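Participant: Provide a 3D model corresponding to the input given below.
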Amino acid sequence: MIELIGKVYSFLWGDLILIPLPGGGNLGLSLLVLLLIPTGIYFTVRTRFLPIRLFPDMVRSTVEKRSGRKGGALSSLQTLIVSTATRVGMGNLVGVVAAISVGGAGSVFWMWVTALIGSSTAFIEATLAQIYKESDPLYGGYRGGPAYYIHSFMTTKVGDAKRRYTIPAVLFAASGLICWCGISQVIGNSVTSAFENAFRIPPLYTISFVVILAAFIVLRKDTTVKVLDVLVPIMAGCYFLMTVILILMNLDKIPGVFERIFAEAFGLKQAAAGGFAGVLMNGVKRGLFSNEAGSGSAPCAAAAAETDHPAKIGLVQALGVFVDTIVICSCTAMIMLLVPESVTEGLVGMDLLQTAMSHYMGSAGVVFIALILWLFSFSTFIGILFYARGNVAYLFGDSWASQTGYKILALVMLFIGGIATYTFVWDLGDVGVGLMTVFNIAFLYPLAGQALGALKEYEESKRQSL
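Facilitator: The predicted model follows:
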């Protein structure tokens, strides 16, 4: 089983195609990069560069208030908060650090580019989730996501609307549940490691506290979104504010940082591990899987919203990609790149980030990073269990037993991750998100016409109201 998982992991994430580059070296392209980058470009063109053209609409749709919402339904802002809880997670710290460690400062530029095209993909999948959402008899409000629009597409194709399951929808839903269990373990390990380094607290104590606190939140019916409503703005706001303060303290260095980012982005200065190829691919990979565009996760939150037009929720989720990569990931990049290169030379991973923060704040910097990592990781765990609701319901029906059973399984995985240094379930998590992406992208193309039609209708109604 472990060997099979390893082979699937290599197929999804490994270099499927190697393109020779002038002067030696190769540009490796994984299957997921080959799927997501062309998809993002395609939908960016089809939506007529929506992330730039309709950015004001994204903001307006997010803050729009609606009265008389159905009980349990989320507002536009709440769907952004839930999806941001999972997007703004370890990828914004560990992922950005890894990208810069391997690909240099130029990786940041390619993360920005990836976010711009990923916003269009996020719009398509979130709008489809709204179009195909259904009432949620357990939690109230609505549920949906790729499993539901894939199911509807397949039943229409075979002419059997009463069919309970379709294979692609089952595979997507199962991949999601597998992925989120794997992520739970990674979260547990990251939090305990950070607290052990910062406070010398044994992992068993840390993870026991985290699991008890998480159980208190996720095992109650109406607590998850309420906690995220408070937690996400605080953690993202604090991190952003700290970065702004550091930038203001080092304002004279900003032009040099941007010069370095753009110079290394195109291989004008050789970055660690492979020049242009390393810079490009590390930026693209980290950008894609930090903002989650195309993986099918965020639509599970998008479907839970109540709105007067599905395109508005698509616009909200497009903004979520911007917030994740252009804002939060850039915060991490600035924290590291404003430090003199001599201070961080030779450092990689979290040592790089912690050393950078120590340069500014001394030992308090290590504590700050540990606390921020805990908040980011904890919100991710709560968010993925919100995502899981619709997938569990699709596979096992409307049953509190199945909903609670999956939550307990995720809590067990969280605990195991906190006390174990490595298990193959981590790779299983990466396989899960890879398979989710493959299944989701495969059905976005034939279904995209409905999302594009909704966008056209939204813009037409907006013109008529002027």
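Participant: please report the distance of the residue nearest the centre of the chain from residue 363.
Facilitator: What sits nearest the mean C-alpha location of the chain, by Cα atoms, centre = their mean, is residue 87, with 3.2 Å. The spacing between residue 87 and residue 363, counted by Cβ to Cβ, to the nearest Å, is 30 Å. The way it works is simple: take the backbone N, C-alpha and C, and place the C-beta from them, glycine included.
Participant: again, but for residue 57
Facilitator: Note on residue 57: its distance to residue 363, by Cβ to Cβ, is 45 Å.
Participant: who has more neighbours out of these two?
Facilitator: The residue with more neighbours, out of residue 57 and residue 363 and counting by other Cβ atoms under 10 Å, is residue 57; that gives 19 against 10.
Participant: my read is that the more buried one contacts residue 314, right?
Facilitator: No: applying Cβ atoms under 8 Å, one finds residue 57 not in contact with residue 314, separated by 10.2 Å.
Participant: quick one: contacts for the residue lying closest to residue 370 once chain neighbours are set aside?
Facilitator: Spatial nearest neighbour of residue 370, chain neighbours left out: residue 198 (3.6 Å); criterion: Cβ to Cβ, 6 or more residues apart in numbering. Contact partners of residue 198, counting by Cβ atoms under 8 Å, 6 or more residues apart in numbering, are 366-367, 369-371.
Participant: find the helix or strand that residue 198 is a member of.
Facilitator: Assigned by DSSP states H and E, residue 198 belongs to helix 167-199.
Participant: buried ones in the helix or strand following that helix, by neighbour count?
Facilitator: Helices and strands here follow DSSP H and E; after helix 167-199, the next one along the chain is helix 203-218. By neighbour count with 16 or more other Cβ atoms under 10 Å, helix 203-218 contains the buried residues 203, 206-207, 210-211, 214-215, 217-218.
Participant: for helix 203-218, packing partners?
Facilitator: Contacts defined by 3 or more Cβ pairs under 8 Å, 6 or more residues apart in numbering; DSSP states H and E place helix 203-218 against helix 167-199, helix 224-249, helix 363-396, helix 400-419.
Participant: per-residue confidence for residue 285?
Facilitator: Residue 285 carries a pLDDT value of 64.
Participant: same question for the one 10 residues further on.
Facilitator: On the pLDDT scale, residue 295 is placed at 85.
Participant: correct me if wrong: it contacts residue 433.
Facilitator: Yes: counting by Cβ under 8 Å, residue 295 touches residue 433, with 5.6 Å between them.
Participant: who's more crowded, those two?
Facilitator: Legend: neighbour count by other Cβ under 10 Å for residue 295 and residue 433, higher for residue 295 (29 against 24).
Participant: residue 388 touches residue 408, doesn't it?
Facilitator: No: the criterion here is Cβ under 8 Å, and residue 388 misses it with residue 408 at 12.0 Å.
Participant: between the two, which one's more packed in?
Facilitator: Neighbour totals were compared for residue 388 and residue 408, and residue 388 leads with 23 against 13 (other Cβ under 10 Å).
Participant: now that one: how far from residue 335?
Facilitator: Taken as Cβ to Cβ, the span from residue 388 to residue 335 is 32 Å.
Participant: could you do residue 58 as well?
Facilitator: Computed as Cβ to Cβ, the residue 58 to residue 335 distance reads 26 Å.
Participant: from the contact counts, what lies against the strand or helix carrying residue 316?
Facilitator: Applying DSSP H and E as the criterion places residue 316 in helix 310-321. If you count contacts as 3+ Cβ pairs under 8 Å, 6+ apart, helix 310-321 packs onto helix 50-53, helix 55-63, helix 76-87, helix 106-131, helix 299-302, helix 425-465.
Participant: how close does the closest residue to residue 17 other than its chain neighbours get to residue 202?
Facilitator: Distances taken as Cβ to Cβ, 6+ apart place residue 29 nearest to residue 17, at 4.5 Å, with adjacent residues excluded. Relative to residue 202, residue 29 is positioned 43 Å away (Cβ to Cβ).
Participant: which one of the two has more residues nearby?
Facilitator: A count of neighbours by other Cβ under 10 Å puts residue 29 above the other of residue 29 and residue 202, at 16 against 12.
Participant: isn't the more buried one right up against residue 19?
Facilitator: Yes: Residue 29 lies in contact with residue 19 (Cβ under 8 Å); the separation is 6.9 Å.
Participant: if you average the pLDDT over the helix or strand hosting residue 97, what comes out?
Facilitator: Using DSSP H and E, residue 97 maps to helix 96-103. Averaging pLDDT along helix 96-103 yields 69.
Participant: looking at the contacts of residue 198, state which has the most neighbours.
Facilitator: residue 369 leads the contacts of residue 198 on contacts (other Cβ under 10 Å) with 24 neighbours.
Participant: which stretches of the stretch 1-150 of the chain have low pLDDT?
Facilitator: For the stretch 1-150 of the chain, the stretches flagged by pLDDT under 70 are 1-2, 21-27, 66-72, 88-95, 98, 101-103.
Participant: noted, bye for now.
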